[in-house]
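Peer 1: Need a 3D model of the following:
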Amino acid sequence: MGKKRRFLFNTAILTAGSILLRFVGIWFRSVITVRIGASGMGLYQLIFSIFTLGITACTSGIGLAVTRLAAEGRGSKGCMLRCAGLSLGLSLAAGGTLFCGAGLIASRLIGSSAAAEPLRILAAGLPCIAGCACLKGYFFANRNTAVPILGEFCEEGVTVGASIFLLDHTGLPALNALMLGSTLGEAASVLYIVPIFLWFVRKHGMAEESSGLMRSIVHIAGPMLAGSFLRSSLISAENVLIPIGLKKNGAGGIAALAQYGVMQGMVMPILMFPLSLLSSAAMLLIPEIAEANAGNDLHRISRTAEKAFRWTLLFGFPTASFFLAFADELGILLFGSAQAGQILRIMAPLAPLMYLDNVTDNLLKGLDQQMYSLEYNLTDSLMRVILIAVFIPVFGIKAYIAILFASEIYNASLSIGRLLKVTSLRVDFIDWILYPAVLGGLAFYAMTLLKKLFQWRF
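Peer 2: Residues are numbered from 1 along each chain as shown. Here you go, the predicted model:
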């Protein structure tokens, strides 16, 4: 199979799987929202925002290092053992810290003692997440998307099934049941992917050992790990500050969690759902670009980046039009929340830029420009924390929406500017921006007309 056909085939597999997984994820959120309410969803999101710190500590940069080195022909047994050992060691340290500090984190940061036990349950799953990140990175480098995506299905299936069973058939508190279901899903993913990895390397072999592996791993993963952990810390601080600011703005404790839950637990998952159509190709762009960069194939790099820009915006503008036209219906249908629909309509115009920013970050990682991405993300996160602390207590949820717009414009502008510089691309305003924007406008008109005709007829 030629490179182009193989890339399209893998993209199709990963895209189809990602769409289904995101669909299941949104459905699952709608189910648990009925069980725990908007305020419970807010607390659920806060717990996971803290847990994300642990995930970042043991995976950020390691999976990328495996993918980059394997794509460059250096994915040897020594490389995998070093990456896995580093990732697992970090996961044990992060898990131990989270387990021991759960009580303090719950009372001081989250503001609810009910969050302590869920955090301890989640901590047990970190070694599983760490191991899977390394092995999935190896499969992606070898252009094998079927194994990782089936692993995601395995994890999601066990998570959803176990969570619903535990909610319905045990006396566990709802949040404890949900977190235990998540941890069981992570364990199932490891039990699936490890035997397949061992069979794969026996069949296909591994690269020859090369010198300087640890130095290369540290070069790729070290800055990513440090920068991503700092950024995750800022994001966690941001998530903690939002309900605090909403309380200061006049909302009660439950109301503040409910507003936060609507924004982070309902609106953002809907807004990011279409990204599953792009994130698969964007993820596969990392080994493609890394291989072209290692071979100094500038033409291939420019051609790939140009196509990525064009197709992302060609997809993003009509998607934004869909959200504008059907925001109310989506909010009610998925979560029974009119407020979710109202906020979704406000956020919809930001969708094309959010999607383009995601694709651009993956291109930069493939070009060994991850330090610039980290710099932009860190300054962006720091800016958001400061703005949230200052403006949400005064203006409430409206301030948070405005901050999200400013943040995305700032981050995307820097990332796109860097990519254009290192690839020497020239922006084709008509083909890249004007044409997709016009198409999006026509799509909005058509969808609005169909919506009115449907309402008139029935």
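
Peer 1: distance of the closest residue in space to residue 378 that isn't next to it in sequence from residue 361?
Peer 2: Of all residues not flanking residue 378 in the chain, residue 231 sits nearest, at 5.4 Å (Cβ to Cβ, 6 or more residues apart in numbering). The way it works is simple: take the backbone N, C-alpha and C, and place the C-beta from them, glycine included. Going from residue 231 to residue 361 by Cβ to Cβ, to the nearest Å gives 12 Å.

Peer 1: ok now stretch 309-325, how far from the chain's centre?
Peer 2: 19 Å (Cα atoms, centre = their mean, to the nearest Å).

Peer 1: Show me the contact partners of that stretch.
Peer 2: Under the criterion Cβ atoms under 8 Å, 6 or more residues apart in numbering, residues 270-271, 274, 277-278, 330, 344-345, 347-356, 359, 425, 428, 431-433, 435-437, 439-441, 443-444, 447-448, 451 lie in contact with stretch 309-325.

Peer 1: Narrow the residues you listed to those in helices?
Peer 2: Among the contacts of stretch 309-325, the members falling in helices are 270-271, 277-278, 330, 344-345, 347, 351-356, 359, 435-437, 439-441, 443-444, 447-448, 451 (criterion: DSSP state H).

Peer 1: mind checking which helix or strand the residue nearest to residue 378 is in?
Peer 2: Under the criterion of DSSP states H and E, residue 231 resides in helix 213-248.

Peer 1: buried sites along that helix?
Peer 2: Buried residues in helix 213-248, counted by 16 or more other Cβ atoms under 10 Å: 213, 216-217, 220-221, 224-225, 227-247.

Peer 1: do you know how far residue 393 is from residue 242?
Peer 2: From residue 393 across to residue 242, the span is 11 Å (Cβ to Cβ).

Peer 1: Also residue 350?
Peer 2: The gap separating residue 350 from residue 242 is 18 Å, by Cβ to Cβ.

Peer 1: Burial check on the residue nearest to residue 225 when sequence neighbours are not counted, number of neighbours?
Peer 2: Among residues not flanking residue 225 along the chain, residue 61 sits closest, at 4.2 Å (Cβ to Cβ, 6+ apart). Residues near residue 61, counting by other Cβ atoms under 10 Å, number 27.

Peer 1: what does residue 440 give?
Peer 2: Neighbours of residue 440 using other Cβ under 10 Å come to 24.

Peer 1: Per-residue pLDDT of it, please?
Peer 2: In this model, residue 440 is scored at 90, pLDDT.

Peer 1: Next, the nearest residue to it once chain neighbours are set aside: secondary structure please.
Peer 2: The spatial neighbour of residue 440 that comes closest, neighbours along the chain excluded (Cβ to Cβ, 6+ apart), is residue 317 at 2.9 Å. Of the three states, residue 317 takes helix under DSSP: H, G, I helix; E, B strand; the rest coil.

Peer 1: what's the spacing between residue 317 and residue 348?
Peer 2: Taking Cβ to Cβ as the measure, residue 317 falls 11 Å from residue 348.

Peer 1: quick one: which of these two has more around it?
Peer 2: The residue with more neighbours, out of residue 317 and residue 348, is residue 317; 24 against 21, by other Cβ under 10 Å.

Peer 1: And that one, how far from residue 384?
Peer 2: 25 Å.

Peer 1: likewise residue 63?
Peer 2: Separation of residue 63 from residue 384 (Cβ to Cβ) stands at 25 Å.

Peer 1: residues near residue 191, how many?
Peer 2: Residues within reach of residue 191, counting by other Cβ under 10 Å, total 12.

Peer 1: show me what contacts it?
Peer 2: Listed by Cβ under 8 Å, 6+ apart, residue 191 has no contact partners.

Peer 1: now residue 173
Peer 2: For residue 173, the contacting residues are 114, 117, by Cβ under 8 Å, 6+ apart.

Peer 1: what comes up buried for the helix or strand harbouring residue 453?
Peer 2: Using DSSP H and E, residue 453 sits within helix 435-457. For helix 435-457, burial by neighbour count (16+ other Cβ under 10 Å) applies to 435, 436, 437, 439, 440, 443, 444, 447.

Peer 1: which helices and strands does it pack with?
Peer 2: helix 298-335 (3 or more Cβ pairs under 8 Å, 6 or more residues apart in numbering; DSSP states H and E).

Peer 1: Identify each buried residue in the helix it packs on, please.
Peer 2: 300-301, 304-306, 308-327, 330-331, 334-335.

Peer 1: ok, now stretch 255-270?
Peer 2: Under the neighbour-count criterion of 16+ other Cβ under 10 Å, stretch 255-270 has 255-270 buried.

Peer 1: For residue 12, see how far away residue 255 is.
Peer 2: Remark: distance between residue 255 and residue 12 (Cβ to Cβ) = 44 Å.
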